[in-house]
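J.: below is the structure, and that's it, no one-letter string:
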């Protein structure tokens, strides 16, 4: 099973980064990456370094993440900016200074077990922060805006998924804006990313503690950071307003993954089964019920199509409700926030 998975991933990793086309489009422009010190952001930086791309603004709220990036790329002449995407004035200031043409928005809270009980922070970062980045991009003539989404945004059962779903909807409500190319890229878990299950399992093995699995049937989609980074940069070349799905292959059972890691590490750690939270699914979903996929020029990337068409006036109402969610979230008005999320669900299903 794992041999098949890694073979598929190896094929996807062989998909080329269309560097000549990328340089043709952006060689004289500036690229701004949020969450630049995270798993995806730093891999994108690595890809751009390989083609000697210089005009990059690396934005992260973590001083430590930026320090590590600067230590690794000290001679590259990149611009390192400590900033919070929720700070609209600082974000606008940076756009005024650097005038980016491509924005890759990878910053987000994503760890369900840690942040699930703080819907306020999730909405502030994953939704309000995204709105700040997009509106600043629109205001300062960015040509391409890329939003990194997640499979947890599909039929969400937890607050992290809801925050990402709302961010997707806000951006989709702006797809008819011809001043900017807005692209949403959806995929599953990144192998070996910060806080993912593999490092957690390895920590348990090294510490001699038990490996915890919440349910024997739980399975997740996995993908390599290298595959994600190349696809993000390839997609940025296209002039389109679209939602994309990366090829995720078949989901892997987490207990099988734990046993695989135990085997290759020759570990005697025991595996314990705990309880699956109501905020977690047995299997994540990649598409909503009214969505389908069509091939693109890349083997491991699809464009997502909707079978239902939402009226322009409904999109305007959805956008207004999302802005109201941000406003009410700032005053901790959770009841109003919840009711507006329910109303958005109703509008989508009309």
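T.: Arrived safely, thanks for sending. Fair warning: this is a prediction, and the values are worked out from it, not measured in the lab. Residues are numbered from 1 along each chain as shown.
J.: quickly note the distance from residue 221 to residue 212.
T.: As defined by CB to CB, to the nearest Å, residue 221 lies at a distance of 20 Å from residue 212. Where C-beta positions appear, they are placed from N, C-alpha and C, glycine not excepted.
J.: looking at these two, which is more packed in?
T.: Comparing residue 221 with residue 212 by other CB atoms under 10 Å, the one with more neighbours is residue 221, at 19 against 14.
J.: low-confidence stretches in the chain?
T.: Counting by pLDDT under 70, the chain shows low-confidence ranges at 1-14, 299, 350.
J.: quick one: furthest residue from the center of it?
T.: What lies farthest from the middle of the chain is residue 268; by CA atoms, centre = their mean that is 34.9 Å.
J.: which residue is nearest the middle of this protein?
T.: Residue closest to the average C-alpha location in the chain (CA atoms, centre = their mean): residue 148, at 3.1 Å.
J.: who's it bridged to?
T.: residue 185 (DSSP bridges).
J.: ok, it - contacts?
T.: Listed by CB atoms under 8 Å, 6 or more residues apart in numbering, the contact partners of residue 148 are 35, 40, 104-106, 108, 185, 232.
J.: also residue 119?
T.: Contacts of residue 119 by CB under 8 Å, 6+ apart are 159, 162-163, 329, 334, 337.
J.: select from the residues you listed every entry located in helices.
T.: If you go by DSSP state H, the contacts of residue 119 have 159, 162-163, 329, 334, 337 in helices.
J.: pretty sure residue 39 is touching residue 187, no?
T.: No: using CB atoms under 8 Å, residue 39 makes no contact with residue 187, being 12.0 Å away.
J.: more neighbours: which of these two?
T.: Neighbour comparison, residue 39 and residue 187: the larger count goes to residue 187, with 25 against 19 (by other CB under 10 Å).
J.: ok, back up a step: TSV please, covering the contacts of residue 148 and showing secondary structure, distance to residue 96 and neighbour count.
T.: What follows is those, written out as TSV (DSSP: H, G, I helix; E, B strand; the rest coil; distance: CB to CB, whole Å; neighbours: other CB atoms under 10 Å):
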residue	secondary structure	distance to residue 96	neighbour count
35	coil	21	25
40	helix	26	23
104	strand	19	28
105	strand	18	26
106	coil	22	25
108	coil	24	26
185	strand	27	23
232	helix	25	26
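J.: residue 70: which of those residues is nearest?
T.: Taking CB to CB as the measure, residue 70 lies nearest residue 35 of those, at 15.7 Å.
J.: which residues does the closest one contact?
T.: Applying CB under 8 Å, 6+ apart to residue 35 gives the contacts 41, 59-60, 105-108, 148.
J.: what's the answer for residue 149, then?
T.: 164, 167-168, 184-187.
J.: repeat that for residue 23.
T.: 51, 53.
J.: can you tell me how far it is from residue 261?
T.: To residue 261, residue 23 is 39 Å away according to CB to CB.
J.: what about residue 31, how many neighbours?
T.: 25.
J.: that one is in contact with residue 58, isn't it?
T.: No: at 9.6 Å, residue 31 does not count as touching residue 58 under the criterion of CB under 8 Å.
J.: residue 285 contacts residue 154, correct?
T.: Yes: counting by CB under 8 Å, residue 154 is a contact partner of residue 285 at 4.3 Å.
J.: and the two? Which one has more around it.
T.: Remark: of residue 285 and residue 154, residue 154 carries more neighbours, 21 against 15, as counted by other CB under 10 Å.
J.: the more buried one and residue 287 touch, don't they?
T.: Yes: with contact defined as CB under 8 Å, residue 154 counts as touching residue 287 (6.4 Å).
J.: which residues are common contacts for these two?
T.: Joint contacts of residue 154 and residue 287 (CB under 8 Å, 6+ apart) do not exist.
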